[in-house]
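>>> Okay, here's the prediction I keep looking at, along with the sequence it came from:
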Amino acid sequence: MQWRHSTPLGSPAAGRLADGVRLPPAGRAIFTWDPVLRRSPNRPWRRWGTDRLVRIVLRVARADQAAHPRGPRLGIGDLSRPHGGDFGPRFGYIGHASHQNGLDVDVYYPRADRRERAPRYASQIDRRRSQELVDRFLAAGAVAIFVGPNTGLTGPPGVVMPLVNHDNHLHVRIGP
Ligand SMILES: [Zn+2]
């Protein structure tokens, strides 16, 4: 893990990432998941963020693991590309409209059956632990969190927002 001070440039939907940091493929509290190949770990070029985002992800995952020591590790999906920029459909599946400047991360809801892989449907998630995760990311400084309309997850209006295609993961955005 090589730490350095990163700089997000532009905006999440039209930006770049300078001096990004790569999230490890796995750890004591996390596994990573490739949403296109549907396997773990996620490919290295999909795991870059600002140092602050990577620290927040690891810190929230450790707290989550400490609260659920017998549960599965937290599944982390795409962050940004090594230098940010377009992360649209040409990078697989439906792609991302944002995830361009190292401030966005997708986090899979923990599965009720404890398997370490992405859920497919909201009905498969551990809802209580997922709500705790939303709360932990808010406390850690998230400025926007998108959750699936069928998950029942809640938070402050205008910060925690329902969005289609988010019934199997939450999208967390931090400030610059
Ligand atoms: Zn996302």
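Everything's here; your move. Note that this is a predicted model, so its numbers are computed, not measured.

>>> Around the ion, pick out the residues from the protein.
Within reach of the ion by CB under 5 Å from the ion, the chain has these residues: 106, 171. Glycine gets a C-beta too; all of them are placed from N, C-alpha and C.

>>> what sits against the residue of the chain found nearest the ion?
Across the chain, no residue is closer to the ion than residue 171, which sits at 3.5 Å (CB to the ion). By CB atoms under 8 Å, 6 or more residues apart in numbering, the contact set of residue 171 is 98, 104, 105, 106, 107, 144, 145, 146, 163.

>>> Just the buried residues from those residues, in ChimeraX please.
A single ChimeraX command selects the buried members of the contacts of residue 171 (16 or more other CB atoms under 10 Å):
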select :98,104,105,106,107,144,145,146
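
>>> Secondary structure element holding the residue of the chain closest to the ion?
Assigned by DSSP states H and E, residue 171 belongs to strand 169-174.

>>> that older thread, okay if I get the contacts of residue 171 as TSV plus secondary structure and pLDDT?
Compiled in TSV, the contacts of residue 171 are given as follows (DSSP: H, G, I helix; E, B strand; the rest coil; pLDDT from 0 to 100):
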residue	secondary structure	pLDDT
98	coil	97
104	strand	98
105	strand	98
106	strand	98
107	strand	98
144	strand	98
145	strand	98
146	strand	98
163	coil	96
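
>>> Quick one: neighbours of the nearest residue to residue 47 once chain neighbours are set aside, just the number.
The shortest distance from residue 47 to any residue that is not its chain neighbour, by CB to CB, 6 or more residues apart in numbering, is 4.3 Å, and that residue is residue 23. Residue 23 is flanked by 24 other residues according to other CB atoms under 10 Å.

>>> same thing with residue 161?
Around residue 161 there are 15 residues (other CB under 10 Å).
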